[in-house]
Structures are given as C-alpha cells and as structure tokens.
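Trainee: Predicted structure and sequence below. I'll ask about it afterward.
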Amino acid sequence: MGFFLPSAELMKLYRTSAKDGTIIDHDINCGNNTVNTNKMRPYILAESNWNYIKDMKFDMAILPWGATEAHNYHLPYASDNIEAEMAAAEAARKAWDKGAKVIVLPTVPFGVNTGQSDIYLDINLNPSTQILILQDVVEVLNRQGIYKLMIFNSHGGNDFKQMIRELGLKFPKMFICSTNWFTALNRSDYFDNSGDHAEEMETSVLLHLKPELVLPKEKWGDGKTKKFKVKALNESWLWAERKWSSVSKDTGIGNPELASKEKGERFLNDITDKIGDAIYELCKADIDDLYE
Ligand SMILES: [Zn+2]
C-alpha cells in the first residue's frame, strides 16, 4: 500500500528524524513514487539498517537470552525466546521514550538444558559455550565504546553471575549486569499459583504475547512436580540440579490452570515499567561513579 508525496520532502523528514535519534517511522522508496511504511524500532538492532546505525551512538546494549525447550504440552519451544525478546523490547521502548540511548541485540535462542538431555529437541548450550558467546559480544561492545551491557535472561537454567565476574576482569571498562527479568516484581501480586516452568505466570505471559501459539486449555498439563526425597534439597539452602523428566510428566513445573491473557498483560506492563526505569537510569549513570 502506498501514497504519493514529493521525494525531497520525504528525504528531509527521514534525515531529520535520524539525526536527533527520535523514532523513524518511514523508509523511502520513491522509485515509483510510492512510500513504504517502515516499522523499524530504533532501539532494536535486528530491525535497524546501516543508514541509521552509522550515525548513532548508544550508551547501553541489552542482550536477551532464552532457551529452546519443551514447555508443558501447550507452550511453544521458543517460549523463553519470545518472552526475552518481547519484554526486552518493551522495556527498552519505555526507556528510549524518556531519552535513553539503548539498543536491544538479537536474542540468543539456546540456553543451559543439561538437566533435560532426554527431552526430545531440548537444545543444550553448555555454560562453557555460553561464556565464549558472551565474551565475543562483550569484546565487540568494548571495542566500539558501548561500555554498558544488560543480559536480559528468560531461562532458569542460565546463570550469568560467574561469567560476569570473569569477563569483568578481562574487560575492566565494561559494566555488565544481568536480570532474570520475570523476578523484578513479586509474582504473588499477579498470580495465584506458583511454579517455575510453563506455569500460570509463563502461560499468562504467552497468552498475552503470542496467543496463536498456545494450545487450547483442554490440552494443558497440570505441571505436577515431584519433590526430592532428601528434604533439605527442597529448601533453598541446598541445591542440586533436577532431572526434569523424573520430576514432571508434562515437562511443566507448576499448574497453569488459572492463567489468563489479562494477568499476563498486567504483569508485563508493570514489569516493563520497572525494568524500563532501570534501563533509563543505567543509561544515564556514570560507571566510574556508581556508589553513594
Ligand atoms: Zn520458560
């Protein structure tokens, strides 16, 4: 679909928007006097073009990180990637609108699934591989003067703390932080049932973000979970990895039955407000003067 406008006027509109970093709504293709509406979001690298990027300077990058794994019977294998990508984008949009120069990198689609080795097509990325990927991304940012990085993690098996410590030594100019974004608010304020995989919270979020990829409710498993026989392993002070297929029949952990699109929308909206504020604050922060 297109409409006719003089090309010079459009080029001016495009360049003016690009220079001051505000949102670019239009890309121009005047070869046949038509305008292609371009929905590029200026804080999403995957949608950006060199025409725009070459003049930009960003203060912080966000690296969404997910996993590819079964999510009960009813949610897609890319659930964590969809959540990471869409929640990061929304939080970044809110920060961008306030004036933060932030860029969201493409989502890393594989995570640590060492405990799910017998679940068909759960794709494991070892932690030792993860740090190499992370290091390569950090090296680019460090070389190009983007000294702030937020890892936006959506998968419980991923744990970046030790990697951040190690990379911090190698790249002393970098400020690297990570969030399990879904923990930024108290989940019991939004959801009735607890759990940590394909449960009420995650099902609600997917019902909001990608309802077309969620099976109808009659197909949902109950996410019933076995506990360790050794009592202390069920307490937070003693940890061992769970063998997923021995713990849950449907691969879910936590009952999704009370999930709803409305709960997911309210949670996502509030949590991206909070994370967006943090992104804005980090973008403006002086990393040589972080303490008071
Ligand atoms: Zn998940």
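Mentor: Sure thing, it's come through. Residues are numbered from 1 along each chain as shown.

Trainee: going forward, measure contacts and count neighbours with C-alpha atoms only.
Mentor: Fine.

Trainee: How about the backbone phi and psi for Leu63?
Mentor: phi -110, psi 100 (degrees, to the nearest 10).

Trainee: now it, which residues is it bridged with?
Mentor: Beta-bridge pairing for Leu63 (DSSP bridges): Ile151.

Trainee: State the number of residues packed around it.
Mentor: Residues lying near Leu63 (other Cα atoms under 10 Å) number 22.

Trainee: For it, which residues are in contact?
Mentor: Counting by Cα atoms under 8 Å, 6 or more residues apart in numbering, Leu63 touches Val104, Leu105, Pro106, Thr107, Val108, Leu149, Met150, Ile151, Phe152.

Trainee: again, 10 Å this time
Mentor: By Cα atoms under 10 Å, 6 or more residues apart in numbering, Leu63 lies in contact with 84-85, 88, 103-108, 134, 137, 149-153, 178.

Trainee: now Ala89
Mentor: Ala89 neighbours (Cα under 10 Å, 6+ apart): Arg41, Tyr43, Ile44, Ile62, Pro64, Glu83, Ala95, Ile103, Val104, Leu105, Thr272, Gly276.

Trainee: Just the element for Leu132, please.
Mentor: helix 127-144 (DSSP states H and E).

Trainee: Just checking the distance from that helix to the centre of its chain.
Mentor: From the chain centre to the centre of helix 127-144 is a distance of 17 Å (Cα atoms, centre = their mean, to the nearest Å).

Trainee: counting contacts, what elements does it pack onto?
Mentor: strand 60-65, strand 148-153, helix 161-170, strand 175-180 (3 or more Cα pairs under 10 Å, 6 or more residues apart in numbering; DSSP states H and E).

Trainee: Show me where the stretch 151-292 of the chain has its helices.
Mentor: 161-170, 200-209, 244-247, 261-284 (DSSP state H, counting those that start in this stretch).

Trainee: Give me the buried positions along stretch 80-93.
Mentor: Neighbour-count burial for stretch 80-93 flags 80-93 (criterion: 16 or more other Cα atoms under 10 Å).

Trainee: no no, stretch 267-279
Mentor: Neighbour-count burial for stretch 267-279 [16+ other Cα under 10 Å]: Phe267, Leu268, Ile271, Thr272, Asp273, Lys274, Ile275, Gly276, Asp277, Ile279.

Trainee: likewise stretch 113-130?
Mentor: Buried residues in stretch 113-130 (16+ other Cα under 10 Å): Asn113, Thr114, Gln116, Asp122, Ile123, Asn124, Leu125, Pro127, Gln130.

Trainee: residues in contact with the fourth one?
Mentor: What that stands for is Asp122. Taking Cα under 10 Å, 6+ apart, one finds Ala67, Thr68, Glu69, Ala70, Tyr77, Phe110, Gly111, Val112, Asn113, Thr114, Gly115, Gln116 in contact with Asp122.

Trainee: right, and Val214 touches Trp220 too?
Mentor: Yes. With contacts counted by Cα atoms under 10 Å, Val214 reaches Trp220, the gap being 9.3 Å.

Trainee: list the residues that contact both of the two?
Mentor: Common neighbours of Val214 and Trp220 (Cα under 10 Å, 6+ apart) are Tyr73, His74, Leu75, Thr203.

Trainee: In helices only, show me the residues you listed.
Mentor: Members of these lying in helices (criterion: DSSP state H): Thr203.

Trainee: got TSV for the shared contacts of Val214 and Trp220, with neighbour count, distance to Lys226 and pLDDT too?
Mentor: Converted to TSV, the shared contacts of Val214 and Trp220 look like this (neighbours: other Cα atoms under 10 Å; distance: Cα to Cα, whole Å; pLDDT from 0 to 100):
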residue	neighbour count	distance to Lys226	pLDDT
Tyr73	19	17	97
His74	21	20	98
Leu75	24	21	98
Thr203	30	20	98
